[in-house]
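In: here is a sequence with its predicted model. Questions after.
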Amino acid sequence: MSFESLGLSAPVLQAVADKGYTEPTPIQEKAIPIVLMGRDVLGCAQTGTGKTASFVLPMIDILAEGRAKSRMPRTLILEPTRELAAQVAENFEIYGKNHKLNMALLIGGVSFPDQERALERGADVLIATPGRLLDHVERGGILLNDVKILVIDEADRMLDMGFIPDVERIVGLLSPMRQTLFFSATMPPEIRRLADRFLSNPKEVTVSPPASAGTNIVQGLAIVPEDEKREALRGLIKSQDVKNAIVFCNRKRDVVTLLGSLKKHGFNAGALHGDMSQPARMETLERFKQGEIQILVASDVAARGLDIVDMSHVFNFDVPFSPEDYVHRIGRTGRAGKTGHSFTLASPSEGDLVQAIEKLIGTTIPRIEVAGLVTTDFEASDGRRRGRGRGRGGRSGDKPRGPRREAKEPREHHERKPRPPAEPHAEARAELHEPREHASRERAPREQAPREQRPREHKPREHAPREHGPREHRAEQHRPQRERKSDHRPERRERRHEGRDEPAPVGLGDHVPAFLARSSR
DNA sequence: AAAAAAC
């Protein structure tokens, strides 16, 4: 499978080739043709699967026709964090370099006037975090009713972060005559309900992450007392061939203290968390990407989606509160077919959290020892240590390590239950609920001819479209979208008569690894 | 429990 067969235009393909990509990822292969058809997409995929390009590339092509009016953006992409938003903007720059696209990036923490100017110029692409976007809306700087394509990215994370009311408000300002692309790493019922409301007759695309909890990530876990974690981390870093690494902390203030400690010990480190000023966040991230900073100490602002190629190591200075976050954190390494390394420092009281993670990923994280340090075992929930007591060395002046938890009621989940069989993490796979041939039968004329049969060459948009040139197709590509809403119902009925007893399945069925499908805890 | 996001 090559990019050429997906129906993208020559200038976009050129930009992809220049970037060095030759083969689409499963989600790109499945989603790009659907987006080009003008249909809604419900994508179950997390970053690292090539999800961003799966909507950026076709959007560039669709946007090649026409231009935006002042304050009336033609497309809107919602992202949960500022960094993700900036990353999507970068993607548009990279792949849209052969097109003249006006872009506006509306995120908090940076100055308003620049963003206002970009809006006034007329934004073909508007990329935003919800808060700042609504701020502009309230000031009357944007009219959203001309938005033709809406992308809601990382929907589950938006839910976690309490953005859904904002998102609903924003979607309420859009015309129902739009194409919607909705992406989420997980599909809990709440997200599913949202998708049902925002999408119209969507195609579902499901992709399991390329390294769900790490077939190509070497994992390790060391149990060390809380006050020895910094020393343990230094030992770990030195024992490893660390090219570049993220160290995750649960709290922002720990990010700050750990950064100080690492710097004091001569490490080349920087910090990233949400209390930093936005310019500082961007600068640190850029320097990390450039390799000027070797170790990035970060809060979970960096846990999901950040696309940093070739990161050799992820360290968890703390066990993440939610097991899903563990998967996201370690997923920052082991990308693009490389082997990644992930090491977690757990304090003796964090046994419950570790157990939850191991249950989620279906394997036990190998316990490791840090040279020269005492490693202990987890406390049992009744306050006693489990297993064989302490490792070599012993500690002099053994001071009490914080309050031990009092014995509560016996907790059933501490009994070792047989673990569910591990999910096959083999290859990233993508499944469409309906085979594509099916799609082409049920919908004419837009879906009739595969786009690869009508090659187009790029023309700058100042040139008048040719009467019967390939560009005409593109214009046509947009028109049926209007028809879609009106013939939505009849189409559904037809489908039932086509031998289907039920409408297209909404559930993801077996295509989602169990641990991803779970909502939370 | 923490973090994220608007001023």
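Out: Yep, it's here. Numbering: from 1, shown residues only, chains lettered A, B, ... in the order given.
In: where do the helices of the stretch 201-350 of chain A begin and end?
Out: Along the stretch 201-350 of chain A, counting by DSSP state H, counting those that start in this stretch, helices occupy A:229-239, A:252-264, A:278-290, A:323-330.
In: contacting residues for A:Val41?
Out: Listed by C-beta atoms under 8 Å, 6 or more residues apart in numbering, the contact partners of A:Val41 are A:31, A:34-35, A:55, A:180-183, A:202-205. The C-beta positions use only the backbone N, C-alpha and C, and glycine is treated the same way.
In: which residue packs closest to it, ignoring adjacent ones?
Out: Closest residue to A:Val41 in three dimensions, ignoring its sequence neighbours and counting by C-beta to C-beta, 6 or more residues apart in numbering: A:Leu181, at 4.6 Å.
In: any low-confidence regions in chain A?
Out: Screening chain A residue by residue with the criterion pLDDT under 70, one finds the ranges A:47, A:209-214, A:305, A:309, A:336, A:373-375, A:380-521.
In: can you name the residues of it that neighbour DNA strand B?
Out: A:80-83, A:107-110, A:129-135, A:138, A:160-163, A:250-253, A:273-275, A:299-301, A:321-322, A:325, A:353 (C-beta under 7 Å from any atom of the strand).
In: of those residues, just the buried ones, ChimeraX syntax please.
Out: Typed into ChimeraX, the next command selects the buried ones out of these (criterion: 16 or more other C-beta atoms under 10 Å):
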select /A:80,81,82,83,107,110,129,130,132,133,134,135,160,163,250,252,273,274,299,300,301,322,325,353
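In: which of the residues of chain A next to DNA strand B fall within strands?
Out: Using DSSP state E, no member of these falls within strands.
In: ok so, going back, element containing the residue nearest to A:Val41?
Out: Assigned by DSSP states H and E, A:Leu181 belongs to strand A:179-184.
In: that strand packs against which elements?
Out: Contacts defined by 3 or more C-beta pairs under 8 Å, 6 or more residues apart in numbering; DSSP states H and E place strand A:179-184 against helix A:26-37, strand A:41-44, helix A:51-63, strand A:149-152, helix A:155-160, helix A:189-198.
In: adding distance to A:Glu120, write the ones you listed out as CSV.
Out: Formatted as CSV, the entries for those read as follows, by distance: least, C-beta to C-beta, whole Å:
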stretch, distance to A:Glu120
helix A:26-37, 28
strand A:41-44, 31
helix A:51-63, 18
strand A:149-152, 21
helix A:155-160, 28
helix A:189-198, 28
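In: pick the most buried one from those.
Out: Neighbour counts averaged per stretch over the helices and strands packed on strand A:179-184 are highest for strand A:41-44, at a mean of 28; criterion: mean count of other C-beta atoms under 10 Å.
In: direction included, what does it pair against?
Out: Here strand A:41-44 is paired, per DSSP bridges, with strand A:179-184 (parallel), strand A:203-207 (parallel).
In: returning to what we had before: of the helices of the stretch 201-350 of chain A, flag the one that's most buried.
Out: Per-residue neighbour counts averaged over each of these give the maximum for helix A:323-330, namely a mean of 24 (mean count of other C-beta under 10 Å).
In: excluding its backbone neighbours, what's nearest the residue of the stretch 251-400 of chain A found nearest DNA strand B?
Out: DNA strand B sits closest to A:Gly274 of the stretch 251-400 of chain A, with a gap of 2.6 Å, by C-beta to the nearest atom of the strand. The shortest distance from A:Gly274 to any residue that is not its chain neighbour, by C-beta to C-beta, 6+ apart, is 5.0 Å, and that residue is A:Val301.
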